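Enquirer: I need the structure of the sequence given here:
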Amino acid sequence: MKKTSTRSLDKPTSNTFILYSAIAALLLLMPGCVSTYMPNVPNVPMFTQKGELSAGGHVTPKGNITFNTAYAVTDHFAVVLNGSMLNSERKKMDFRHNLLEAGGGYFTTFGPNQERILEFYAGYGGGSSDRVEKDKHQDGTLHLKRMEADFSKYFVQANFTSKRKKSLKLLKREFPLNYGTTLRASYVNMHDYKINGEPAKEEDNIFLEPIFYTRLTLNPSVQLQYTSGTTFGLKNRDALTAAYSVFSLGFVINVGGRNLGR
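Expert: Sure thing, here's the model as predicted:
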């Protein structure tokens, strides 16, 4: 019997690069919708053993900055801490947003050379949002609409990463590449929602976020990460909508892990 090839699971093809590029182009061309909630970049520590430490920082085109940290307490259990913040002042809208969340979960390695990583995390967090929309009338007067809200967040996510020896050749050097996918589900619930200082109807929503990431290894401990993805809201809401995608560039530092795929 002919052996089934697993090449398509282990190594990215040219079609993968085309898919990533198409997603990135689509996200950049999306209209500038607004929401009281902006998703952060998911934490993908890619742990392989006890004692590993991961830390990362990412920034989106909107200016949302995400910080992720994680620690492997045992060979299969880790804790994570994530935060994000945005302070944007523009001609038509000012937007301030912050989020802090913590959680824990399970990780394992598998595959022919233990070069694949599977992670499951869940956690809880909270934050606040302050958005001011500016509408300049024809007579020159400026109308402001301010929306303030606190919110809580529960999340679960699954990460799959393939560590392979495939590399990018640049300036006579080879930079190893890692590829992966995250599927995150978040339940977000608003509290103390106000419009122009007056209490308003509070909302909740469930967000699904399929996300793709590529990491380029600069040295054994430091990787450059490109993240692309989108967000779907399962409930039809006015303020708590899936208006923002997950598209970012950042760095991840990981120390104490095993060299996989060798």
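
Enquirer: now do Y37 against D150, distance only.
Expert: In this view, Y37 and D150 are 11 Å apart by CB to CB, to the nearest Å. For glycine as for every other residue, the C-beta is placed from the backbone atoms N, C-alpha and C.

Enquirer: and the host helix or strand of T69, which strands flank it?
Expert: Element membership of T69, judged by DSSP states H and E, is strand 65-72. Strand 65-72 has these partner strands in its sheet, going by DSSP bridges: strand 53-59 (antiparallel), strand 77-89 (antiparallel).

Enquirer: ok, which of those comes nearest H137?
Expert: Judged by CB to CB, the one of these that comes nearest to H137 is strand 77-89, at 20.5 Å.

Enquirer: the very next helix or strand once past the closest one pairs with which strands?
Expert: Note on strand 77-89: by DSSP H and E, the next helix or strand toward the C-terminus is strand 93-110. The pairing partners recorded for strand 93-110 under DSSP bridges are strand 77-89 (antiparallel), strand 116-136 (antiparallel).

Enquirer: returning to that earlier point: just want to know which of Y37 and D150 has more residues nearby.
Expert: Y37 (26 against 15; other CB atoms under 10 Å).

Enquirer: my guess is that one contacts S152. True?
Expert: No: the pair Y37 / S152 is not scored as a contact, 11.0 Å apart, by CB atoms under 8 Å.

Enquirer: can you show me the strands along the stretch 101-250 of the chain?
Expert: 116-136, 142-170, 173-195, 198-199, 204-219, 222-229, 232-233, 246-255 (DSSP state E, counting those that start in this stretch).

Enquirer: buried residues, the longest one. List them.
Expert: By that I understand strand 142-170. Under the neighbour-count criterion of 16 or more other CB atoms under 10 Å, strand 142-170 has 147-149, 151, 153-155, 157, 159, 161-164 buried.

Enquirer: now Q157: how far from N98?
Expert: 20 Å.

Enquirer: cool, and Q138?
Expert: In terms of CB to CB, Q138 sits 36 Å off from N98.

Enquirer: ok, T241 next?
Expert: Going from T241 to N98 by CB to CB gives 19 Å.

Enquirer: can you check Q49 too?
Expert: 33 Å.

Enquirer: for N159, same thing?
Expert: 24 Å.

Enquirer: same check, this time on P199
Expert: From P199 to N98 the distance is 22 Å (CB to CB).

Enquirer: returning to what we had before: turn the strands paired with strand 65-72 into a markdown table, including distance to S186, mean neighbour count and mean pLDDT.
Expert: Converted to a markdown table, these look like this (distance: least, CB to CB, whole Å; neighbours: other CB atoms under 10 Å; pLDDT from 0 to 100):
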| stretch | distance to S186 | mean neighbour count | mean pLDDT |
| --- | --- | --- | --- |
| strand 53-59 | 17 | 19 | 97 |
| strand 77-89 | 12 | 18 | 96 |
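
Enquirer: so what sits opposite Y226 in the bridge?
Expert: Under the criterion used (DSSP bridges), Y226 bridges to T214, L249.

Enquirer: so it touches F251, yeah?
Expert: No: here Y226 lies out of contact with F251, judged by CB under 8 Å, at a distance of 11.0 Å.
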